[in-house]
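**Q** Below is the structure, and that's it, no one-letter string:
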């Protein structure tokens, strides 16, 4: 009977640890950097998983703007932009697309007018310059994640064993 309770405690602790880890593993919002500015609008951009995140806001008030339409061209090639529930816009990009330094033209429709803003995409902070170093960084990051998971599971199992021994 004691083994059943120890097994259940270990299973429950593992489930809680995995759930907490999964919540933490959600991608963080990218740090948006100013891309282009007009008298009324400022467009901020940041690389995101699978594309670019754009946010349009008032230049003076720093508040989001009610935008009807956004169209994007990167180096003259039109790209689709989709609205997100948080007010930002997402532009999908192919895997491995090197957008740093490319010219981006954003057409923003708001209040019955369309404004065209142009800027250059900056390199992501800490972004590697070559594909080989990018691959090495990805491998290194995945190893760190695996070590983190192993450490968390070990701590939870040790705690579950200690608690079960105290109870018996």
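**A** Ah, there it is. Because the structure is predicted, anything quoted here is derived from the model rather than measured.
**Q** Which strands or helices does the one helix or strand residue 56 maps to pack on?
**A** For residue 56, the host element (DSSP states H and E) is strand 51-58. For strand 51-58, the contact count by 3 or more C-beta pairs under 8 Å, 6 or more residues apart in numbering; DSSP states H and E identifies strand 41-48, strand 69-74, strand 89-92, strand 103-110 as packing neighbours. The C-beta positions use only the backbone N, C-alpha and C, and glycine is treated the same way.
**Q** quick one, helices of this protein?
**A** Along the chain, the stretches classed as helices by DSSP state H are 2-24, 131-167.
**Q** from memory residue 68 sits against residue 107, does it?
**A** No: at 11.1 Å, residue 68 does not count as touching residue 107 under the criterion of C-beta atoms under 8 Å.
**Q** Compare neighbour counts for those two and give me the winner.
**A** Taking neighbours as other C-beta atoms under 10 Å, residue 68 and residue 107 compare with residue 107 leading, 16 against 12.
**Q** Could you measure from the more buried one over to residue 116?
**A** 5 Å (C-beta to C-beta, to the nearest Å).
**Q** got any ranges where this protein has weak pLDDT?
**A** Scanning the chain for pLDDT under 70 picks out 1-5, 7, 10-13, 15, 17-30, 62-65, 95-97, 123-144.
**Q** Now with 80, please.
**A** Scanning the chain for pLDDT under 80 picks out 1-33, 48-49, 61-66, 93-101, 111, 121-145, 147, 168.
**Q** Verify the stated contact: residue 90 with residue 72.
**A** No: counting by C-beta under 8 Å, residue 90 stays clear of residue 72, with 10.1 Å between them.
**Q** Redo the helices and strands packed on strand 51-58 as JSON lines? Include distance to residue 55.
**A** Shown next, in JSON lines, are the helices and strands packed on strand 51-58 (distance: least, C-beta to C-beta, whole Å):
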{"stretch": "strand 41-48", "distance to residue 55": "5"}
{"stretch": "strand 69-74", "distance to residue 55": "10"}
{"stretch": "strand 89-92", "distance to residue 55": "7"}
{"stretch": "strand 103-110", "distance to residue 55": "11"}
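**Q** Which one of these lies nearest to residue 34?
**A** Nearest to residue 34, of all these, is strand 41-48, at 5.6 Å by C-beta to C-beta.
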